[in-house]
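1. just coords:
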Ligand code: 5AD
Ligand code: FES
């Protein structure tokens, strides 16, 4: 099928996705151009912000790709204090970021989960609840998800990492802590509880095929999620998956594949929120701009106190590790203006897809 025909289809089937994922040269350019047009017509040129707070790198899991996996003894473990977290949230508010995203290694103990409830409640007290709160704290029980929702968190990110069970177990240990079906259930629970639910995958993993990536896109659509985050996989030398680093596509190819995923998903789900992941910037200095121009509409500037950032290296050479939040703000403004986009301040930036669904 010609690219023009494919790009004008209302409903993309798996074979269409496979053809688009393989697009090269002029076809590739046209795919990205069409995705940008669709985004601008549906969501305008606005970019939403989520101030990212990396609460702690203490993690019970040991994902084979992740630099802060519990089996990596080289990492110094930290946890921000309540005051530090609240300070970050206040800073987010001062800078006009409408929302914060709290991310952490996974812990399921009561001390941790109650602490999050307390923190969400206290962040909600800032300026009469003006900050939106996204949580990204891994797999939890329904009870815990409910407790956090009732405290005021309204968005949750839990990447599926791969929607193909076979690939999932190639990048995670096969044990009771890493259970593909449990992860799927968590996504269903979050959706059922009423969270604006986000998921996502890494692109360019060892063993990952275009077929797997097409299934990931179909998975996002079948779950009707409100947000998706996708970024290139970046091999971390202190992880088991690093031994396959010579089998993955080169960084520019991983970047292009990520951009294709973003662009295709924008065509499939025009109204969702899509994050321009920091990992994009690690493989390409213009990576975040490129992701925005391929259809993403959310950026997560880091608010974690600089002293801790070196310890939250899920992958090496993370971008902006040494930037101060204030610098980040003006830098982002300029960078978005340069590509004719505008950062939206003082707004929650809910996904249009989610808001519409709620009204129905
Ligand atoms: N490269 C890219 N992304 C990674 N993540 C974890 N390790 C890596 C890596 N080496 C992503 C996972 C996880 C999110 C917090 O970071 O998708 O969900
Ligand atoms: Fe699972 Fe870090 S250990 S993503």
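-> Arrived safely, thanks for sending. A quick note: this is a predicted structure, and the numbers were derived from the prediction, not measured. Ligands and ions are numbered 1, 2, ... in the order given.
2. need the pLDDT of residue 318.
-> pLDDT for residue 318: 73.
3. so how far is residue 176 from it?
-> Residue 318 sits 30 Å away from residue 176, taking Cβ to Cβ, to the nearest Å as the criterion. Where you see a C-beta, it was placed from the backbone N, CA and C, and this is true even at glycine.
4. what about the two, which has more around it?
-> Higher neighbour count among residue 318 and residue 176: residue 318, with 18 against 7, using other Cβ atoms under 10 Å.
5. where does that one land in three-state SS?
-> Put simply, residue 318 is coil when judged by DSSP: H, G, I helix; E, B strand; the rest coil.
6. what sits against it?
-> Taking Cβ atoms under 8 Å, 6 or more residues apart in numbering, we find residue 318 in contact with 278, 279, 282, 309, 312.
7. ditto for residue 264
-> By Cβ under 8 Å, 6+ apart, the contact set of residue 264 is 12, 17, 20, 21, 31, 35, 217.
8. swap in residue 1?
-> Each residue near residue 1 by Cβ under 8 Å, 6+ apart is listed here: 16, 19.
9. state the distance from it to residue 24.
-> Taking Cβ to Cβ, one finds residue 1 at 15 Å from residue 24.
10. report pLDDT for the residue nearest to residue 292 when sequence neighbours are not counted.
-> Leaving aside its chain neighbours, residue 292 sits nearest to residue 276 (5.2 Å; criterion: Cβ to Cβ, 6 or more residues apart in numbering). The model reports residue 276 with a pLDDT of 95.
11. let's number from 56 now, not from 1
-> OK, 56 is where the count begins now, so the last one is residue 331.
12. report the beta-bridge partners for residue 331.
-> Here residue 331 sits in beta bridges with residue 285, as judged by DSSP bridges.
13. how about low-confidence regions in the protein?
-> When residues are selected by pLDDT under 70, those of the chain lie in 374, 376, 414-415.
14. biggest strand in it by residues?
-> The strand that spans the most residues within the chain, counting by DSSP state E, is strand 251-258.
15. show residues contacting it.
-> Residues contacting strand 251-258 (Cβ under 8 Å, 6+ apart): 120, 189, 209-218, 242, 245-246, 268, 271, 275, 278, 280-288, 309, 312-313, 316, 328, 330, 332, 334, 405-406, 409.
16. are any of those residues buried, and which?
-> By neighbour count, with 16 or more other Cβ atoms under 10 Å, the contacts of strand 251-258 hold 120, 189, 209-218, 242, 245-246, 268, 271, 275, 278, 280-288, 309, 312-313, 316, 328, 330, 332, 334, 405-406, 409 as buried.
17. what about stretch 115-126, start to end distance?
-> End-to-end distance for stretch 115-126: 9 Å, by Cα to Cα, to the nearest Å.
18. let me see the contact set for the residue nearest to the spatial centre of the chain.
-> Computing the C-alpha centroid of the chain and ranking residues by Cα atoms, centre = their mean puts residue 284 first, at 3.2 Å. Residue 284 is in contact with 212, 214, 253, 254, 255, 329, 330, 332, counting by Cβ under 8 Å, 6+ apart.
19. give me that answer again for 6 Å
-> 255, 330, 332 (Cβ atoms under 6 Å, 6 or more residues apart in numbering).
20. for residue 194, see how far away the nearest residue to residue 252 once chain neighbours are set aside is.
-> Distance criterion Cβ to Cβ, 6+ apart; nearest residue to residue 252, sequence neighbours excluded, is residue 245 at 4.4 Å. Noted for residue 245: a distance of 10 Å to residue 194, by Cβ to Cβ.
21. try residue 162
-> Applying Cβ to Cβ to residue 162 and residue 194 gives a distance of 11 Å.
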